[in-house]
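K.L.:
I would like to see how this sequence folds:
(one chain, ligands or ions: 1)
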Amino acid sequence: MSFVSVLHSLPRRKHKDFFGRMKLKLRIIGDPILAAKAKPVTEIDDELIDISQDMIQIMHHSHGVGLAGNQVGLLKRIVVIDFDAPTDDDGNPLPLETPGEKQLIPLMPITLINPEIISYSEEKCGFEEGCLSVPKIYANVVRSSRVVLRTQLLNGPTVLAECGGFLARVLQHEIDHLDGNIYLQRVSDEDMKPVQSQVAKLLRKSAPRNFKIRKLV
Ligand SMILES: [Zn+2]
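P.N.:
Okay, here's the model as predicted:
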């Protein structure tokens, strides 16, 4: 069989590549999939493992620290996270304060399956967030300082642990994506002012004409 006839005999499915793997593409604000709720993962199979590897690759390639299923066009409750352990100005590691940080940061990059936050601290803090689906825009978001996370790890046990620091921030941002929310929805009107024109410009390019940021604050 010639190469050409092999090509013609292979099934051509719209969202799969030549090798039958899911084609993942970073989605930008305005894409309806970012506003949809992702569905629980029911089975960890080879396809999911491939997807997780592809998501980690896309995250690294785009210099992100986290990526959720919706952001690559996949309505599955899967999140990948990778960032360096915190250090002081001299590069010495800072102590990790919560059990979740101690458990998860050494394992990064990590893939969380069906992650959920089961409680939020009343104490909150602000931090400038960015998002691969909202390119080159950064704005202050107030979130809980600590959360209790329950999740399955792709290649490990179920984790139930309190998480603080940057991990708490990333988890809240990524799990928001799975629920169809983007961090700009949590930016106060005051904090939105400095980026308003950048956001408007991006939306003109990426979103349908009647698109509105549905505020959660
Ligand atoms: Zn994001």
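K.L.:
From the contact counts, what lies against the top helix by length along the chain?
P.N.:
Longest helix in the chain by number of residues, with DSSP state H as the criterion: helix 46-61. Helices and strands touching helix 46-61, by 3 or more Cβ pairs under 8 Å, 6 or more residues apart in numbering; DSSP states H and E, are strand 66-68, strand 78-81, strand 110-120. Where C-beta positions appear, they are placed from N, C-alpha and C, glycine not excepted.
K.L.:
got the angle between the last one and helix 46-61?
P.N.:
With axes from the mean of the first three to the mean of the last three Cα atoms, to 10 degrees as the criterion, the two stretches strand 110-120 and helix 46-61 enclose an angle of 80 degrees.
K.L.:
how about strand 110-120: buried residues?
P.N.:
Counting neighbours by 16 or more other Cβ atoms under 10 Å, one finds that the buried residues in strand 110-120 are 110-117.
K.L.:
Direction included, what does it pair against?
P.N.:
Paired neighbours of strand 110-120 in the sheet (DSSP bridges): strand 78-81 (antiparallel), strand 147-153 (antiparallel).
K.L.:
Show me how far it is from its chain's centre.
P.N.:
How far strand 110-120 lies from its chain's middle: 11 Å, per Cα atoms, centre = their mean, to the nearest Å.
K.L.:
Ok, the first one next?
P.N.:
In terms of Cα atoms, centre = their mean, the centre of strand 66-68 is set 2 Å apart from its chain centre.
K.L.:
ok, residues contacting that strand?
P.N.:
38, 55-56, 58-59, 78-83, 132, 170, 173-175, 177-178 (Cβ atoms under 8 Å, 6 or more residues apart in numbering).
K.L.:
One more: the second one?
P.N.:
Identification of contacts with strand 78-81 by Cβ under 8 Å, 6+ apart yields 38, 41, 48, 51-52, 55-56, 59, 65-69, 104, 108-113, 115, 167, 170-171, 174-175, 177-178.
K.L.:
Tell me which of the helices and strands packed on helix 46-61 lies nearest to residue 32.
P.N.:
Set against residue 32 and scored by Cβ to Cβ, the helices and strands packed on helix 46-61 come closest in strand 66-68, at 15.2 Å.
K.L.:
quick one on the thing from earlier: now which of the contacts of strand 78-81 would you call buried?
P.N.:
Those of those that meet the buried threshold are 38, 41, 48, 51-52, 55-56, 59, 65-69, 104, 109-113, 115, 167, 170-171, 174-175, 177-178, by 16+ other Cβ under 10 Å.
K.L.:
mean confidence score for stretch 119-126?
P.N.:
Across stretch 119-126, the average pLDDT comes to 98.
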